[in-house]
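S.K.: Next input, structure requested:
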Amino acid sequence: MTEKSRVVPGVTSDNVLMAMEVVRREAVRTPMVTSAVFDEIVRRRVWVKDETNQRTGSFKFRGALYAVATATSDQRKAGFIAGSSGNHAQALALAAHLHDASATVVIPSDAPASKRTAVEAFGARIFPYDRRRDRREALVQQIAYRSGLTVVPSSDHRAVIAGAGTVAWEMLQEVNDLVAIFVPVGGGGLAAGSALAALGHNPRLRVIGVEPAIADDTHRSIKSGRLTSIQPPDTIADGLRHTEPAPIPFGIIKSLLHDVVTVPEDAIANAMAYLWRYYHTAAEPSGAVALAGLLQAAHRLPDGPVGVVVSGGNVDWPAYRTLLDIAMDRTERTPDAAPVLR
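M.R.: Have a look, this model is predicted:
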(Lines give C-alpha, C1' and ligand atoms only; values in the text may rest on other atoms or scores of the structure.)
Protein backbone atom coordinates (compact mmCIF):
# COMPACT_ATOMS: atom_id res chain seq x y z
CA MET A 1 0.00 0.00 0.00
CA THR A 2 1.10 3.57 -0.47
CA GLU A 3 2.14 5.77 2.40
CA LYS A 4 -0.75 7.14 4.41
CA SER A 5 -1.82 10.71 3.99
CA ARG A 6 -4.16 12.80 6.07
CA VAL A 7 -5.62 14.45 2.99
CA VAL A 8 -7.72 12.27 0.69
CA PRO A 9 -10.23 13.13 -2.07
CA GLY A 10 -12.79 15.38 -0.41
CA VAL A 11 -13.13 13.44 2.85
CA THR A 12 -11.02 13.53 6.02
CA SER A 13 -11.06 12.08 9.52
CA ASP A 14 -12.69 15.33 10.65
CA ASN A 15 -15.64 14.62 8.36
CA VAL A 16 -16.24 11.33 10.18
CA LEU A 17 -16.15 13.17 13.50
CA MET A 18 -18.69 15.69 12.21
CA ALA A 19 -20.89 12.84 11.01
CA MET A 20 -20.84 11.40 14.53
CA GLU A 21 -22.57 14.51 15.84
CA VAL A 22 -25.48 13.98 13.43
CA VAL A 23 -25.68 10.20 13.20
CA ARG A 24 -25.81 9.58 16.93
CA ARG A 25 -29.13 11.46 17.18
CA GLU A 26 -31.01 8.83 15.14
CA ALA A 27 -28.78 5.77 14.77
CA VAL A 28 -28.32 3.01 17.35
CA ARG A 29 -24.97 2.83 19.09
CA THR A 30 -24.58 -0.86 18.38
CA PRO A 31 -22.92 -3.22 20.85
CA MET A 32 -19.36 -4.46 20.90
CA VAL A 33 -19.59 -8.13 21.85
CA THR A 34 -17.03 -10.79 22.74
CA SER A 35 -16.85 -14.56 23.11
CA ALA A 36 -14.30 -16.24 25.37
CA VAL A 37 -14.63 -19.47 23.37
CA PHE A 38 -14.00 -17.79 20.02
CA ASP A 39 -11.07 -15.87 21.52
CA GLU A 40 -9.52 -19.25 22.33
CA ILE A 41 -10.03 -20.41 18.75
CA VAL A 42 -8.19 -17.43 17.25
CA ARG A 43 -5.86 -17.00 20.25
CA ARG A 44 -6.54 -13.31 20.69
CA ARG A 45 -9.25 -10.97 21.98
CA VAL A 46 -11.88 -10.27 19.32
CA TRP A 47 -14.43 -7.49 19.55
CA VAL A 48 -17.41 -7.80 17.20
CA LYS A 49 -19.26 -4.61 16.27
CA ASP A 50 -22.75 -5.96 15.71
CA GLU A 51 -24.49 -3.75 13.15
CA THR A 52 -27.30 -6.29 12.80
CA ASN A 53 -28.75 -4.30 15.71
CA GLN A 54 -28.70 -1.07 13.72
CA ARG A 55 -31.91 0.49 12.44
CA THR A 56 -32.84 -1.22 9.13
CA GLY A 57 -30.54 -4.08 10.16
CA SER A 58 -27.26 -2.81 8.72
CA PHE A 59 -24.58 -0.13 8.94
CA LYS A 60 -25.97 1.44 5.76
CA PHE A 61 -28.42 3.52 7.79
CA ARG A 62 -25.55 5.65 9.09
CA GLY A 63 -24.39 6.88 5.69
CA ALA A 64 -27.85 7.34 4.24
CA LEU A 65 -28.96 9.26 7.33
CA TYR A 66 -26.00 11.64 7.17
CA ALA A 67 -26.47 12.21 3.44
CA VAL A 68 -30.15 13.06 3.84
CA ALA A 69 -29.61 15.12 7.00
CA THR A 70 -26.99 17.30 5.29
CA ALA A 71 -28.91 17.71 2.03
CA THR A 72 -30.53 21.04 1.19
CA SER A 73 -34.18 21.72 1.94
CA ASP A 74 -34.88 21.79 -1.82
CA GLN A 75 -33.30 18.35 -2.23
CA ARG A 76 -35.36 16.93 0.60
CA LYS A 77 -38.50 18.44 -0.90
CA ALA A 78 -37.81 16.85 -4.29
CA GLY A 79 -36.83 13.45 -2.89
CA PHE A 80 -33.97 10.97 -3.19
CA ILE A 81 -33.05 7.95 -5.28
CA ALA A 82 -30.48 5.15 -4.98
CA GLY A 83 -29.50 1.86 -6.55
CA SER A 84 -28.94 -0.94 -4.07
CA SER A 85 -29.01 -4.69 -3.52
CA GLY A 86 -31.25 -4.04 -0.54
CA ASN A 87 -29.56 -2.69 2.60
CA HIS A 88 -28.82 0.79 1.28
CA ALA A 89 -32.31 0.89 -0.17
CA GLN A 90 -33.81 0.23 3.26
CA ALA A 91 -31.48 2.76 4.83
CA LEU A 92 -32.36 5.52 2.37
CA ALA A 93 -36.07 4.74 2.67
CA LEU A 94 -36.00 5.17 6.45
CA ALA A 95 -33.65 8.18 6.41
CA ALA A 96 -35.92 9.94 3.92
CA HIS A 97 -38.99 9.05 5.95
CA LEU A 98 -37.45 10.53 9.11
CA HIS A 99 -36.85 13.79 7.24
CA ASP A 100 -40.30 13.91 5.60
CA ALA A 101 -38.85 13.19 2.17
CA SER A 102 -39.63 10.61 -0.50
CA ALA A 103 -37.32 7.84 -1.61
CA THR A 104 -37.08 5.83 -4.83
CA VAL A 105 -34.86 2.75 -4.98
CA VAL A 106 -33.60 0.67 -7.91
CA ILE A 107 -33.20 -2.92 -6.70
CA PRO A 108 -32.02 -6.05 -8.51
CA SER A 109 -34.89 -8.38 -9.31
CA ASP A 110 -33.05 -11.25 -7.56
CA ALA A 111 -32.51 -9.38 -4.27
CA PRO A 112 -33.72 -11.30 -1.19
CA ALA A 113 -37.45 -10.90 -0.72
CA SER A 114 -36.94 -9.85 2.90
CA LYS A 115 -35.01 -6.77 1.80
CA ARG A 116 -37.59 -5.73 -0.76
CA THR A 117 -40.41 -6.14 1.77
CA ALA A 118 -38.57 -3.95 4.26
CA VAL A 119 -38.05 -1.22 1.65
CA GLU A 120 -41.72 -1.22 0.81
CA ALA A 121 -42.60 -1.01 4.52
CA PHE A 122 -40.77 2.33 4.75
CA GLY A 123 -42.86 3.73 1.91
CA ALA A 124 -40.20 3.85 -0.81
CA ARG A 125 -41.00 3.43 -4.50
CA ILE A 126 -39.24 0.42 -6.08
CA PHE A 127 -37.86 -0.05 -9.60
CA PRO A 128 -36.55 -3.62 -10.17
CA TYR A 129 -33.76 -4.31 -12.67
CA ASP A 130 -31.86 -7.28 -14.09
CA ARG A 131 -28.28 -7.05 -12.81
CA ARG A 132 -26.97 -9.18 -15.71
CA ARG A 133 -28.67 -7.16 -18.42
CA ASP A 134 -29.30 -3.63 -17.14
CA ARG A 135 -26.84 -0.94 -16.14
CA ARG A 136 -28.08 0.07 -12.71
CA GLU A 137 -26.33 3.41 -12.43
CA ALA A 138 -27.54 4.50 -15.86
CA LEU A 139 -31.08 3.57 -14.84
CA VAL A 140 -30.75 5.53 -11.59
CA GLN A 141 -29.49 8.60 -13.45
CA GLN A 142 -32.32 8.41 -15.98
CA ILE A 143 -35.00 8.26 -13.29
CA ALA A 144 -33.30 10.99 -11.25
CA TYR A 145 -33.11 13.32 -14.23
CA ARG A 146 -36.71 12.65 -15.27
CA SER A 147 -38.13 13.16 -11.75
CA GLY A 148 -35.72 15.76 -10.33
CA LEU A 149 -34.47 13.44 -7.59
CA THR A 150 -31.14 13.65 -5.77
CA VAL A 151 -28.99 10.55 -6.13
CA VAL A 152 -27.55 9.11 -2.90
CA PRO A 153 -25.15 6.33 -3.99
CA SER A 154 -24.53 3.43 -1.61
CA SER A 155 -20.78 4.19 -1.51
CA ASP A 156 -19.66 6.85 -3.97
CA HIS A 157 -20.74 9.83 -1.86
CA ARG A 158 -18.71 11.84 0.64
CA ALA A 159 -21.45 12.07 3.26
CA VAL A 160 -22.20 8.35 2.94
CA ILE A 161 -18.52 7.54 3.50
CA ALA A 162 -18.30 9.84 6.52
CA GLY A 163 -21.48 8.37 7.99
CA ALA A 164 -20.24 4.81 7.47
CA GLY A 165 -17.02 5.73 9.24
CA THR A 166 -18.93 6.28 12.47
CA VAL A 167 -18.98 2.48 12.89
CA ALA A 168 -15.21 2.39 13.40
CA TRP A 169 -15.25 5.63 15.37
CA GLU A 170 -17.59 4.06 17.93
CA MET A 171 -15.43 0.94 18.08
CA LEU A 172 -12.35 2.99 18.88
CA GLN A 173 -14.16 5.02 21.50
CA GLU A 174 -14.95 1.81 23.37
CA VAL A 175 -11.74 -0.14 22.76
CA ASN A 176 -8.89 2.25 22.05
CA ASP A 177 -6.08 -0.33 21.82
CA LEU A 178 -7.26 -2.33 18.81
CA VAL A 179 -4.39 -3.36 16.55
CA ALA A 180 -6.62 -3.99 13.53
CA ILE A 181 -10.18 -3.66 12.27
CA PHE A 182 -11.63 -6.04 9.68
CA VAL A 183 -14.40 -4.66 7.47
CA PRO A 184 -16.30 -6.05 4.46
CA VAL A 185 -15.63 -4.41 1.12
CA GLY A 186 -18.32 -3.95 -1.51
CA GLY A 187 -18.50 -0.51 -3.07
CA GLY A 188 -15.91 0.61 -0.53
CA GLY A 189 -17.81 3.19 1.56
CA LEU A 190 -17.50 1.34 4.87
CA ALA A 191 -13.86 0.45 4.29
CA ALA A 192 -13.02 4.04 3.34
CA GLY A 193 -14.89 5.55 6.28
CA SER A 194 -13.33 3.05 8.67
CA ALA A 195 -9.85 3.81 7.36
CA LEU A 196 -10.43 7.54 7.90
CA ALA A 197 -11.70 6.96 11.43
CA ALA A 198 -8.68 4.80 12.21
CA LEU A 199 -6.32 7.37 10.76
CA GLY A 200 -7.79 10.03 13.03
CA HIS A 201 -7.34 7.75 16.04
CA ASN A 202 -3.99 6.09 15.39
CA PRO A 203 -2.19 6.11 12.00
CA ARG A 204 -0.58 2.75 12.86
CA LEU A 205 -3.91 0.99 13.31
CA ARG A 206 -4.49 -1.52 10.51
CA VAL A 207 -7.78 -1.52 8.64
CA ILE A 208 -8.16 -4.66 6.56
CA GLY A 209 -10.84 -5.05 3.92
CA VAL A 210 -12.39 -8.42 3.16
CA GLU A 211 -14.28 -9.49 0.06
CA PRO A 212 -15.38 -12.79 -1.50
CA ALA A 213 -12.72 -14.42 -3.65
CA ILE A 214 -15.15 -14.56 -6.56
CA ALA A 215 -16.05 -10.86 -6.09
CA ASP A 216 -12.50 -9.52 -5.81
CA ASP A 217 -12.85 -6.28 -7.77
CA THR A 218 -11.25 -4.19 -5.02
CA HIS A 219 -8.35 -6.60 -4.56
CA ARG A 220 -7.67 -6.56 -8.30
CA SER A 221 -8.05 -2.79 -8.50
CA ILE A 222 -5.53 -2.19 -5.72
CA LYS A 223 -3.05 -4.60 -7.32
CA SER A 224 -3.37 -2.85 -10.68
CA GLY A 225 -3.46 0.64 -9.18
CA ARG A 226 -6.63 1.57 -11.07
CA LEU A 227 -10.31 0.72 -11.12
CA THR A 228 -10.68 -2.79 -12.51
CA SER A 229 -13.96 -4.41 -13.50
CA ILE A 230 -15.00 -8.05 -13.11
CA GLN A 231 -17.98 -10.02 -14.41
CA PRO A 232 -21.07 -9.97 -12.17
CA PRO A 233 -20.10 -12.40 -9.38
CA ASP A 234 -22.45 -15.08 -8.10
CA THR A 235 -21.38 -14.94 -4.45
CA ILE A 236 -23.63 -15.81 -1.51
CA ALA A 237 -22.71 -12.36 -0.17
CA ASP A 238 -25.34 -10.57 -2.26
CA GLY A 239 -24.46 -7.15 -0.83
CA LEU A 240 -20.91 -7.48 -2.16
CA ARG A 241 -21.71 -8.35 -5.77
CA HIS A 242 -20.03 -5.25 -7.12
CA THR A 243 -18.21 -5.40 -10.42
CA GLU A 244 -15.96 -2.39 -9.75
CA PRO A 245 -15.09 -0.27 -6.69
CA ALA A 246 -16.75 3.13 -6.44
CA PRO A 247 -14.30 5.90 -7.47
CA ILE A 248 -14.44 8.15 -4.37
CA PRO A 249 -13.93 5.41 -1.75
CA PHE A 250 -11.33 3.73 -3.96
CA GLY A 251 -9.29 6.92 -3.88
CA ILE A 252 -9.24 6.55 -0.10
CA ILE A 253 -8.81 2.83 0.41
CA LYS A 254 -6.00 2.41 -2.12
CA SER A 255 -3.93 4.69 0.13
CA LEU A 256 -5.22 3.90 3.60
CA LEU A 257 -6.19 0.22 3.75
CA HIS A 258 -3.46 -2.03 5.07
CA ASP A 259 -4.63 -4.99 3.00
CA VAL A 260 -7.58 -6.57 1.21
CA VAL A 261 -8.15 -10.25 2.04
CA THR A 262 -10.25 -12.48 -0.21
CA VAL A 263 -12.18 -15.44 1.20
CA PRO A 264 -13.89 -18.46 -0.39
CA GLU A 265 -17.62 -19.07 -0.19
CA ASP A 266 -17.33 -21.89 2.38
CA ALA A 267 -15.35 -19.61 4.68
CA ILE A 268 -18.14 -17.01 4.54
CA ALA A 269 -20.73 -19.62 5.48
CA ASN A 270 -18.47 -20.91 8.27
CA ALA A 271 -18.20 -17.37 9.63
CA MET A 272 -21.99 -17.17 9.71
CA ALA A 273 -21.98 -20.35 11.81
CA TYR A 274 -19.34 -18.99 14.18
CA LEU A 275 -21.32 -15.79 14.64
CA TRP A 276 -24.49 -17.73 15.41
CA ARG A 277 -22.80 -20.21 17.75
CA TYR A 278 -20.51 -17.89 19.69
CA TYR A 279 -22.13 -14.45 19.41
CA HIS A 280 -25.83 -15.37 18.96
CA THR A 281 -25.88 -13.16 15.88
CA ALA A 282 -27.75 -13.94 12.66
CA ALA A 283 -25.48 -12.28 10.12
CA GLU A 284 -26.21 -12.21 6.42
CA PRO A 285 -23.33 -13.55 4.28
CA SER A 286 -22.11 -10.03 3.45
CA GLY A 287 -22.13 -9.23 7.16
CA ALA A 288 -20.07 -12.30 8.04
CA VAL A 289 -17.32 -11.72 5.46
CA ALA A 290 -15.11 -9.68 7.80
CA LEU A 291 -15.00 -12.49 10.38
CA ALA A 292 -14.02 -14.91 7.62
CA GLY A 293 -11.16 -12.56 6.80
CA LEU A 294 -10.02 -12.49 10.41
CA LEU A 295 -9.89 -16.29 10.51
CA GLN A 296 -7.74 -16.26 7.39
CA ALA A 297 -5.37 -13.42 8.27
CA ALA A 298 -5.14 -13.08 12.06
CA HIS A 299 -1.87 -15.03 12.23
CA ARG A 300 -0.21 -12.23 10.22
CA LEU A 301 -1.14 -9.53 12.74
CA PRO A 302 0.80 -8.23 15.74
CA ASP A 303 -0.39 -9.22 19.21
CA GLY A 304 -3.37 -7.36 20.55
CA PRO A 305 -7.15 -7.13 20.33
CA VAL A 306 -8.88 -7.03 16.95
CA GLY A 307 -12.19 -5.51 15.90
CA VAL A 308 -14.55 -7.08 13.37
CA VAL A 309 -17.49 -5.28 11.76
CA VAL A 310 -20.54 -7.49 11.27
CA SER A 311 -22.15 -5.15 8.81
CA GLY A 312 -25.70 -6.47 8.56
CA GLY A 313 -28.28 -9.10 9.38
CA ASN A 314 -31.02 -8.78 6.78
CA VAL A 315 -31.06 -12.47 6.00
CA ASP A 316 -33.22 -14.31 3.53
CA TRP A 317 -34.37 -16.95 6.00
CA PRO A 318 -34.76 -19.99 3.70
CA ALA A 319 -31.30 -19.42 2.18
CA TYR A 320 -29.83 -18.54 5.59
CA ARG A 321 -31.11 -21.75 7.22
CA THR A 322 -29.70 -23.85 4.40
CA LEU A 323 -26.27 -22.21 4.56
CA LEU A 324 -26.22 -22.27 8.36
CA ASP A 325 -27.19 -25.96 8.62
CA ILE A 326 -24.38 -26.99 6.29
CA ALA A 327 -21.82 -24.70 7.91
CA MET A 328 -22.80 -25.64 11.46
CA ASP A 329 -22.29 -29.30 10.63
CA ARG A 330 -18.97 -28.58 8.93
CA THR A 331 -17.58 -26.45 11.77
CA GLU A 332 -18.78 -28.89 14.44
CA ARG A 333 -16.98 -31.75 12.72
CA THR A 334 -13.82 -29.69 12.21
CA PRO A 335 -13.88 -26.96 14.91
CA ASP A 336 -10.18 -26.28 14.52
CA ALA A 337 -10.33 -25.86 10.75
CA ALA A 338 -9.93 -22.09 10.92
CA PRO A 339 -6.89 -21.07 8.83
CA VAL A 340 -5.50 -19.05 11.73
CA LEU A 341 -4.83 -22.27 13.66
CA ARG A 342 -2.57 -23.96 11.15
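S.K.: Below-threshold pLDDT in the stretch 1-150 of the chain: ranges please.
M.R.: Confidence mapping of the stretch 1-150 of the chain against pLDDT under 70 gives the ranges 1-9.
S.K.: mind listing the helices for it?
M.R.: With DSSP state H, counting those that start in this stretch as the criterion, the stretch 1-150 of the chain has helices at 13-23, 36-42, 60-69, 73-78, 87-98, 113-121, 136-147.
S.K.: Pull up the pairing partners for the next helix or strand after the last one, direction included.
M.R.: Following the chain from helix 136-147 toward its C-terminal end, the next helix or strand by DSSP states H and E is strand 150-151. Take DSSP bridges as the rule and strand 150-151 pairs in its sheet with strand 80-83 (parallel).
S.K.: Residues touching the strand it pairs with, excluding its own?
M.R.: Residues outside strand 80-83 that contact it (CB atoms under 8 Å, 6 or more residues apart in numbering): 64, 68, 71, 88-89, 92, 96, 101-107, 129, 136-137, 139-140, 143-144, 147, 149-154. (Glycine included, C-beta is placed from N, CA and C.)
S.K.: From those residues, list just the buried residues.
M.R.: 64, 68, 71, 88-89, 92, 96, 101-107, 129, 136, 140, 143-144, 149-154 (16 or more other CB atoms under 10 Å).
S.K.: tell me how far the helix or strand hosting R321 is from the chain's mean position?
M.R.: Using DSSP H and E, R321 sits in helix 317-333. Taking the mean C-alpha point of helix 317-333 and that of its whole chain, the gap between them comes to 22 Å (CA atoms, centre = their mean, to the nearest Å).
S.K.: start at 60 instead
M.R.: Renumbered: residue one is now 60, and that last one reads helix 376-392.
S.K.: any idea how far P361 is from L237?
M.R.: Going from L237 to P361 by CB to CB, to the nearest Å gives 11 Å.
S.K.: neighbour-wise, which of those two wins?
M.R.: L237 (22 against 10; other CB atoms under 10 Å).
S.K.: List the contacts of that one.
M.R.: Shown here is L237, whose contacts under the criterion CB under 8 Å, 6+ apart are W106, M230, L231, L264, G363, P364, V365, G366.
S.K.: Out of the residues you listed, name the ones that lie in strands.
M.R.: Counting by DSSP state E, the contacts of L237 place W106, V365, G366 in strands.
S.K.: what would those residues look like in TSV with neighbour count and distance to T287?
M.R.: Converted to TSV, the ones in strands among the contacts of L237 look like this (neighbours: other CB atoms under 10 Å; distance: CB to CB, whole Å):
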residue	neighbour count	distance to T287
W106	19	33
V365	24	29
G366	28	28
